[in-house]
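K.L.:
Structure, please.
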Amino acid sequence: MKAPDFAYERPATLADAIALLSRDDRDAAPLAGGQSLMPMMNFRMARPDLLVDLGSLGELKGIAASGSHLEIGAMTTYAELAGSSLIAEQAPLMALALPHIAHSAIRNRGTLGGSVALADPAAEMPAVLLALGAEIVLTGPAGSRTVPADAFFKGLFETDRRPDELVTLIRVPASDQHQRHGFYELARRHGDYAMAGVATVSSPDSLRIVFFAVSDRPVRAQAVEALLTSEDLGDPAAIDKALAGLDAIAFAEDLNASARTKRHLAGVVLKRALGQLA
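P.N.:
Residues are numbered from 1 along each chain as shown. Got it, this is the predicted structure:
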């Protein structure tokens with residue numbers, strides 16, 4: 001199938017892009033890498049009247065260190081993230097996850113901001129940002145606001161972004177020498193969407209565990225976190241006991257597996273990711 005008819009604009013500035021998204025006479029959609037939106041339009045799952053192409057907005061690209069954070073422009077591609085020494089050194093969890101995202105052709109075009117804004121529950125980056133305690137900067141007609149990743153992802157393809165706002169920047173706390181990171185996903189084939197996956201961040205006084213592809217959004221497993229300490233990460237018996245905390249998660253079935261199977265797979269990927277931490 002092919003996409004329904006649509007108008008197309010390629011604004012030169014962020015202000016122009018927001019003005020186009022703010023128009024009341026058209027259903028406008030921002031176009032970042034297009035790796036999800038264009039297939040959705042071709043299958044008639046999305047029918048925007050107007051595509052606002054963000055490709056000319058150089059102000060939305062780049063990776064920079066800023067104090068205790070990395071600031072990543074929303075239009076930064078996965079390939080650019082993978083090639084960045086700043087990401088490798090200060091956001092190693094992102095570096096662990098990036099090779100699992102689709103294939104090189106997709107990573108060359110797909111953007112971090114596009115993944116964040118779409119909020120596909122099977123995508124890796126939303127879960128990674130939630131595990132890292134990142135912040136999402138949104139810009140609209142009234143200016144910019146910052147939303148913690150914990151509050152940004154609301155449900156299936158649903159976020160805190162308003163229709164006239166753009167994801168413009170992602171702030172990621174820089175890793176320190178005391179942190180350890182684990183990432184694991186199960187997929188039918190490398191590059192496919194995950195059937196279940198998990199991102200974990202451990203420090204001496206905290207543990208964050210976030211699952212993806214098992215519910216309607218990336219899910220932080222706080223009940224599991226409460227049952228583990230950093231000393232438990234190398235103890236299989238302690239980890240098995242902590243899996244009881246998975247009962248607090250609302251697992252959801254999809255085309256790959258039932259909710260019951262998702263719970264089982266969540267336990268598998270968690271054990272393997274915690275093994276990386278240990």
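K.L.:
Now for Val268: which residues touch it?
P.N.:
186, 196 (CB atoms under 8 Å, 6 or more residues apart in numbering). Using the backbone N, CA and C atoms, a C-beta is placed for each residue, glycine as well.
K.L.:
for the helix or strand containing it, what is the average pLDDT?
P.N.:
Secondary-structure assignment from DSSP states H and E places Val268 in helix 259-277. For helix 259-277, mean pLDDT rounds to 95.
K.L.:
buried stuff in that helix?
P.N.:
262-263, 265-267, 269-271, 273-274, 277 (16 or more other CB atoms under 10 Å).
K.L.:
Which pair in those residues has the greatest spatial separation?
P.N.:
Within the buried residues of helix 259-277, two members stand farthest from each other by CB to CB: Lys262 and Leu277, at 22.3 Å.
K.L.:
Which of the residues in the lowest-mean-pLDDT helix or strand in the chain are classified as buried?
P.N.:
Least confident helix or strand of the chain, by mean pLDDT, DSSP states H and E, is helix 37-42 with a mean of 88. The neighbour-count check on helix 37-42 (16+ other CB under 10 Å) flags 37, 40-41 as buried.
K.L.:
Could I get the full set of strands for the stretch 101-250 of the chain?
P.N.:
135-140, 143-148, 153-155, 158-159, 166-173, 180-186, 196-203, 206-212, 219-220 (DSSP state E, counting those that start in this stretch).
K.L.:
okay, those in JSON lines with distance to Leu93 and mean neighbour count next?
P.N.:
Listed next are these as JSON lines, based on distance: least, CB to CB, whole Å; neighbours: other CB atoms under 10 Å:
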{"stretch": "strand 135-140", "distance to Leu93": "16", "mean neighbour count": "20"}
{"stretch": "strand 143-148", "distance to Leu93": "17", "mean neighbour count": "12"}
{"stretch": "strand 153-155", "distance to Leu93": "17", "mean neighbour count": "16"}
{"stretch": "strand 158-159", "distance to Leu93": "21", "mean neighbour count": "16"}
{"stretch": "strand 166-173", "distance to Leu93": "9", "mean neighbour count": "23"}
{"stretch": "strand 180-186", "distance to Leu93": "4", "mean neighbour count": "22"}
{"stretch": "strand 196-203", "distance to Leu93": "6", "mean neighbour count": "26"}
{"stretch": "strand 206-212", "distance to Leu93": "10", "mean neighbour count": "24"}
{"stretch": "strand 219-220", "distance to Leu93": "14", "mean neighbour count": "22"}
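K.L.:
Since that was my last question, I'll sign off now.
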